[in-house]
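Q: Test case, fold it:
(chains A and B)
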Amino acid sequence: MSSIPSRSPQEEEELVRRIALRDERALAELYDRYAPLLYSLAARMVGEGETAEEVLQDVFLSVWRSAGSWDASRSSLRAWLVAITRHRAIDALRRRERPAVPLAADLPSGAVGPDEAALSAVLSQEVRAALAELPPEFRQVLDTVYFAGLTHREAAERLGISQGTVKSRLRLALERLGRRLSARGYLR
Amino acid sequence: MNRTHQEIQEELTLWALGIAPDAPLPGLAEHLANCGECRRLVREVYETTGLLASAVKPVPPPEGLKEKILGRLGTEGQEVQQAGRSSTSVDRIHSLPREPGPRGPLPASHKTKRGQTEAVRRTPWTWLWGAAAAIFVFGLLWGNISLNRKVQRQEEEITAWVERYEADFRWLRSAEYLLVQESEPAFSALLAAPAEIPDIAPVGAPGSGAPTGKATIYTAYDDRFYLIVWVSGLLPGATYEVWAESAGAASRIASFAVDERGSGSVASPSEGQVAWTRVEVRGIDETVVLRGELRPGGLGPRGW
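A: Got it, this is the predicted structure:
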């Protein structure tokens, strides 16, 4: 189940500060809060199972070691954690060369499961709706780079388009997504 | 290198996504420093990628994973400590109990090297001490082998951790390098040709005028900081070095190549604060071509 921050940035900053001070309960809180989102992302990128578990373990142990390197004034905690998770998952993919699953599998109609928490469902729905509005070729590039963890060169080879096209579609796709999510108050 | 604004933004998008090369692309930092739109773009893309994770199908983490992670927090520290002081384990082997243990039946005789059988009268304590010594030597050897294996495993694990952590750190630093410029510089300096070197102007590219530059220090995360230096009017294609002076002693911080327009930039991340007072740009023959005194505060609204 995905989740979005329902706490204030100040509370999140305090939570990470406690982790930096080696408070295991704070890490447990962070896990409760972000593990569903990060595990879902890891599972999406490397597939469910042992590898996704390893990725998540690495992410939280990395946070345990380097909590002091997050600065709330420069990025949200969520963006930081997602960046670490993607990086770990890309590492795992590089070791294993797993073929990517198309994003379309995750985008049936923008609908979300009834068991999701309200806030999580709203954000998830917003992001899916924003993705669904993108032209298919934009979504395909995002899928290949963001979720399958390919570089722009690899994505160009896989999709049979130029690197320049990959780069421009990527930029436009993220710009449109950012604009829409920003207008709805999800980007600070 | 003339790139359009759109091309630069495409490069920056790759950076924010974490799929760009580690090294900063020429001119990118300089552009970013002067372009608020691009700084906003980097931040927005970075945050958007954080939100994009919500699009994936929710999958609950496996039962017990949290406990497994929390369980590793303590072990990790202990393993590092043990690997760091293996002598403790050796000491433990040396302190194995040396008592002979329970008494058993004693052999009445043993064969000499010549095959002669001779009766040997030994006290029970002699045999017990002999057996204990054999056990001790065996235990010592076995313990050493096990210890070596264990230490080797721990060292391998630590090396793997460090490598992975370094990889993360490097990547995060790439993104941070772009984001760090959102903050005001802690120290800055205008770099100019030293007065005592009057023939400095000819090193500049034709038409580019006398060399000038700027140096800024940004306080970054976790006691790290960045020294960023921009120069122009230097010899195109030449390599220069950045030197910084602290407590009267200068040390080399970084080197950089000048582009075809006579401009160059370098960003040097460092651990811990150093009380630098002066920045110099030197040629490879160590001739000082630019120099400036670092002072608190910025050079303008954003220090540029």
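
Q: Please state the offset of stretch A:52-70 from the chain centre?
A: 14 Å (Cα atoms, centre = their mean, to the nearest Å).

Q: In that stretch, which residues are buried?
A: A:52-56, A:58-67, A:69-70 (16 or more other Cβ atoms under 10 Å in any protein chain shown). Using the backbone N, CA and C atoms, a C-beta is placed for each residue, glycine as well.

Q: quick one: which of these sit in helices?
A: If you go by DSSP state H, those have A:52-56, A:58-66 in helices.

Q: Next, format these as CSV and append distance to chain B.
A: Shown next, in CSV, are those (distance: Cβ to the nearest Cβ, whole Å):
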residue, distance to chain B
A:Ala52, 8
A:Glu53, 6
A:Glu54, 10
A:Val55, 11
A:Leu56, 6
A:Asp58, 7
A:Val59, 9
A:Phe60, 5
A:Leu61, 6
A:Ser62, 6
A:Val63, 10
A:Trp64, 6
A:Arg65, 7
A:Ser66, 7
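
Q: which of these lies closest to B:His31?
A: B:His31 has its nearest neighbour among these in A:Ser66, at 29.2 Å by Cβ to Cβ.

Q: From A:Leu81, how far out is that closest one?
A: 12 Å (Cβ to Cβ, to the nearest Å).

Q: In chain B, where is pLDDT below threshold?
A: B:1-3, B:20-30, B:33, B:75-124, B:150-151, B:153-184, B:195-209, B:219-224, B:269-274, B:297-304 (pLDDT under 70).

Q: Any chance of the backbone angles for the residue of chain B found nearest chain A?
A: Proximity of chain B to chain A (Cβ to the nearest Cβ) peaks at B:Gly50, 3.1 Å away. The phi/psi pair for B:Gly50 (degrees, to the nearest 10) reads phi -70, psi -40.

Q: Quick check: B:Arg261 is in a helix.
A: No - assignment of B:Arg261 by DSSP: H, G, I helix; E, B strand; the rest coil gives coil, placing it outside any helix.

Q: doesn't B:Leu235 make contact with it?
A: No - assessed by Cβ atoms under 8 Å, B:Arg261 is found out of contact with B:Leu235, at 11.3 Å.

Q: Quick check: can you list the domain ranges of chain A?
A: A:1-99, A:116-188 (automatic domain parsing).

Q: Out of those, which gets nearest to B:Val281?
A: So among the domains of chain A, domain A:1-99 is nearest, using Cβ to Cβ, at 28.7 Å.

Q: how deep is A:Asp32 tucked in, by neighbour count?
A: A:Asp32: 11 surrounding residues under other Cβ atoms under 10 Å in any protein chain shown.

Q: so what does the helix or strand encompassing it touch, helix or strand wise?
A: Using DSSP states H and E, A:Asp32 maps to helix A:24-46. If contacts are counted by 3 or more Cβ pairs under 8 Å, 6 or more residues apart in numbering or on different chains; DSSP states H and E, helix A:24-46 sits against helix A:9-20, helix A:50-66, helix A:77-96, helix B:65-84.

Q: And for the shortest one, what's in contact with it?
A: For helix A:9-20, the surrounding residues in contact (Cβ atoms under 8 Å, 6 or more residues apart in numbering or on different chains) are A:5, A:7, A:25-27, A:29-30, A:63-64, A:67-68, A:70, A:72, A:76-77.

Q: how about a cut-off of 10 Å?
A: A:5, A:7-8, A:23-30, A:33-34, A:60, A:63-73, A:76-78, A:80-81, A:188, B:222 (Cβ atoms under 10 Å, 6 or more residues apart in numbering or on different chains).

Q: I'd guessed B:Gly262 sits against B:Gly213; true?
A: No - using Cβ atoms under 10 Å, B:Gly262 makes no contact with B:Gly213, being 11.2 Å away.

Q: circling back: mind listing what's buried along the helix holding A:Asp32?
A: For helix A:24-46, the neighbour count (16+ other Cβ under 10 Å) marks A:26-28, A:30-31, A:33-46 as buried.
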